[in-house]
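**Q** whatever this is, show me its structure:
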Amino acid sequence: MEQLQDLFARSPTLVPDSGVRPMLLSLLLAFVLGQLIAWVYKRTHSGLSYSRSFTESIVLITMVVSLVMFVIGDNIVTAFGLIGALAIIRFRNVLKDTRDTMFVFLALVLGMALGSQRYGPAILGTLVLLSATVYLHWTRFGTNGLFDGHLSFRVEEGGQERDARAVMNRFCRRFNSLSVRQGGGATEYVFVVSLRDTTRGDEMLRDLETISEVGHVALVLQDELSEV
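**A** Sure thing, here's the model as predicted:
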């Protein structure tokens, strides 16, 4: 217990220990906390741009930066040497989402904190920031609009729109007609919809497709539209 308290009470003004045991401890914490960040990123991600390699990179970036801090230590010459070496490397991967940039920056800061053996701020800061991320995701903070997305389908000549509306009433809290176009022996409908449960969108599409006169059914949610 005393050793654990010593880790959290370590003064940030002290030069970090350069031994093997402190380095292994920092890398282990970087591995564990990096996975926690990656797990929260995966669970709260929305849209079409999810990448497994990016999720793995969050873990590895945390560990690499932690190791870099140990390599630099308090040696200014080594620090400038690493800066020069990194300047040669060109990173051409463009992050499409500002939120992804935040997770990369969090991994960098966490790696710096662990590499300099500031374990208390690293662990506490990670838990607070990830709790805020989960809260914003669950509350859908910043969502603009009352509808989840757009539903489109075609009703062949002789079919009835009310059959499709009956299905929509089961899965949607509300919906409004956005456009109606006729041509080619069929009528195409586009609705804005607010789903009772966004995870049951595929089930609604399957029920619509069971109606013989209904075809070309598609549902595009707002999170997906933001990345198209």
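
**Q** contacts and neighbour counts: CA atoms only from here.
**A** Noted.

**Q** residue closest to the middle of the chain?
**A** In the chain, the residue lying closest to the centroid (CA atoms, centre = their mean) is residue 45, at 2.9 Å.

**Q** residue 46 - how many residues pack around it?
**A** Using other CA atoms under 10 Å, residue 46 has 15 other residues around it.

**Q** in a helix, residue 34, correct?
**A** Yes. Remark: residue 34 belongs to a helix, assigned using DSSP: H, G, I helix; E, B strand; the rest coil.

**Q** how's this protein carved up into domains?
**A** With domains defined by automatic domain parsing, the chain comprises 2-138, 149-225.

**Q** hey, least reliable of those by pLDDT?
**A** Among the domains of the chain, domain 2-138 has the lowest mean pLDDT, at a mean of 80.

**Q** quick check, residue 151 in contact with residue 190.
**A** Yes. Look at residue 151 against residue 190 with CA atoms under 8 Å: they come within range, at 5.7 Å.

**Q** for this protein, what's the longest strand?
**A** Longest strand in the chain, counting residues (DSSP state E): strand 172-183.

**Q** list the buried residues in that one.
**A** Judged by neighbour count (16 or more other CA atoms under 10 Å), strand 172-183 contains these buried residues: 172, 175.

**Q** quick one: the residue of the chain positioned farthest from its centre from residue 107, how far?
**A** In the chain, residue 158 marks the outermost C-alpha relative to the chain mean, sitting 44.9 Å out by CA atoms, centre = their mean. Separation of residue 158 from residue 107 (CA to CA, to the nearest Å): 58 Å.

**Q** likewise residue 116?
**A** In this structure, residue 116 and residue 107 are 14 Å apart, going by CA to CA.

**Q** and the helices in the chain?
**A** Taking DSSP state H as the test, the helices found in the chain are 2-8, 20-44, 52-72, 76-88, 98-115, 119-138, 161-171, 201-209, 222-225.

**Q** residue 55 is in contact with residue 43, isn't it?
**A** No. Counting by CA under 8 Å, residue 55 does not reach residue 43; the two are 11.0 Å apart.

**Q** with neighbour numbers in mind, choose between these two.
**A** Using other CA under 10 Å, the more surrounded residue of residue 55 and residue 43 is residue 55, with 21 against 10.

**Q** got the contact list for the residue farthest from the centre of the chain?
**A** By CA atoms under 8 Å, 6 or more residues apart in numbering, the contact set of residue 158 is residue 213.

**Q** dihedrals phi and psi, it?
**A** Residue 158 adopts backbone torsions of phi 100, psi -10, taken as degrees, to the nearest 10.

**Q** kind regards, and thank you for your time.
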